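**Student:** take this sequence and fold it.
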Amino acid sequence: MGPAPAVAAVRSAVRACVADLAPGDLVLAACSGGADSLALAAALAFVAPRAGLRAGAVTVDHGLQDGSDSRARSVASVLAGLGLDPVRVATIAVGTAGGPEAAARAARYEALTWMARETGAAAVLLGHTLDDQAETVLLGLARGSGPRSLAGMPPRRGVFLRPLLGLRRPVTAAACEAQGLRAWDDPHNSDRRYARVRVRLDALPALEAALGPGVTEALARTADQLRADAEVLENISSERFPGDSPLSASSLAAMPAAVRTRVLRSAAVAAGCPAGALSAGHVARLSELVTDWRGQRWIDLPGGVRASRRAGRVCFTFAAEIVDRSGAASESGRDESEGGEHGGYGHGVGAEGSADHVRAAQ
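**Tutor:** Below you'll find the predicted structure:
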């Protein structure tokens, strides 16, 4: 008798995702102990050795809940019991920059990136599902975040792969149940203080009730349809902003609007804005420094970054210094007329951290 249908579906998704990796590569599953990431980890443990790959796992402890360290150790024990090796716990220092959700996301990805480098992993699998994708798109619509958010989460970006974007949460829950795996229910996942939780528990069910079934799938399809176009625009904008050129207002003005806004967003993130907290509204105000220049003063952005226009260039301040893309520094606070950026893998909602704050333990 073969595996339960849900188990087979998750394994099939993981198998397709890792098919282009080289024999002997190490693949890590990021696992909080929740149903999505636990089903993912179990599938990787099954698929990897049959594909000639090595399989390990990592769980992230943000330390925001009482007993989060023991919960992380418990998750690590379950992962080791699946046959995954190495299994690591990443413990991260907690901050607040960019708000709790954006900071949690930044901290997790930084920790997972660090762990991939530390272990030499070729890929880190993330347990985001079709439901997570729909929530991301709806949040983007509500915040007016533009095509970037409407394109949702990509199936792969750098070392990160998302095999489960085509599967619903009931499938991962059924896969865990069929394999006798007890998933952990993070209390933050039902805490309506967080926007993603309100989307999950209130907004999406209301849309389904008003418009009929299929809204979640339709939102995910929207992301798929927009992603290819968004990636082309991102490639063009990265060519226009290699990271070390001055942000000339005249050059920006000559760009198509879709490219200009992406260049400005990239520059703001490079200056220190948390990417998840930088909205389309922020970018629109940045664009006004180019397209609707009236001598206005600075624009305050998330993460303590301030943008202004000086000497025909768009500049950014951070920690009281103006930083432009050529590396020049001047006194802050003067405009040109005066002379011149849930679904997590950890225990707790999380916060900002850096590689210096990551502790790995077997």
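**Student:** what bits of the protein have low per-residue confidence?
**Tutor:** Confidence mapping of the chain against pLDDT under 70 gives the ranges 62-68, 94-102, 145, 242-246, 319-362.
**Student:** ok, A271 touching R306?
**Tutor:** No. The pair A271 / R306 is not scored as a contact, 9.0 Å apart, by C-beta atoms under 8 Å. Any C-beta I mention is one placed from the backbone N, CA and C, and that applies to glycine too.
**Student:** the two: which is more packed in?
**Tutor:** Neighbours of A271 and R306, each counted by other C-beta atoms under 10 Å, are more numerous for A271; the result is 22 against 18.
**Student:** any idea which helix or strand carries the residue nearest to the more buried one when sequence neighbours are not counted?
**Tutor:** The spatially closest residue to A271, leaving aside those adjacent along the chain, is F316, at 3.6 Å (C-beta to C-beta, 6 or more residues apart in numbering). Using DSSP states H and E, F316 sits within strand 313-318.
**Student:** by contact count, what packs against that strand?
**Tutor:** Packing contacts for strand 313-318, counted by 3 or more C-beta pairs under 8 Å, 6 or more residues apart in numbering; DSSP states H and E, involve helix 249-254, helix 257-271, helix 280-291, strand 305-310, strand 321-323.
**Student:** count of neighbours near the residue nearest to A271?
**Tutor:** Neighbours of F316 (other C-beta under 10 Å): 26.
**Student:** by contact count, what packs against the lengthiest strand in the chain?
**Tutor:** Ordering each strand of the chain by length in residues (DSSP state E) puts strand 54-61 first. In terms of contacts (3+ C-beta pairs under 8 Å, 6+ apart), strand 54-61 is packed against strand 26-30, helix 35-50, helix 68-81, strand 87-91, helix 100-119, strand 346-347.
**Student:** from the chain's centroid, how far away is that strand?
**Tutor:** In terms of C-alpha atoms, centre = their mean, to the nearest Å, the centre of strand 54-61 is found 17 Å from the chain centre.
**Student:** next one: stretch 113-123
**Tutor:** 17 Å.
**Student:** for the spatially most central residue of the chain, give its distance to M153.
**Tutor:** For the chain, the residue nearest the mean C-alpha position is R105 (5.7 Å; C-alpha atoms, centre = their mean). Shown here: R105 relative to M153, a distance of 11 Å by C-beta to C-beta, to the nearest Å.
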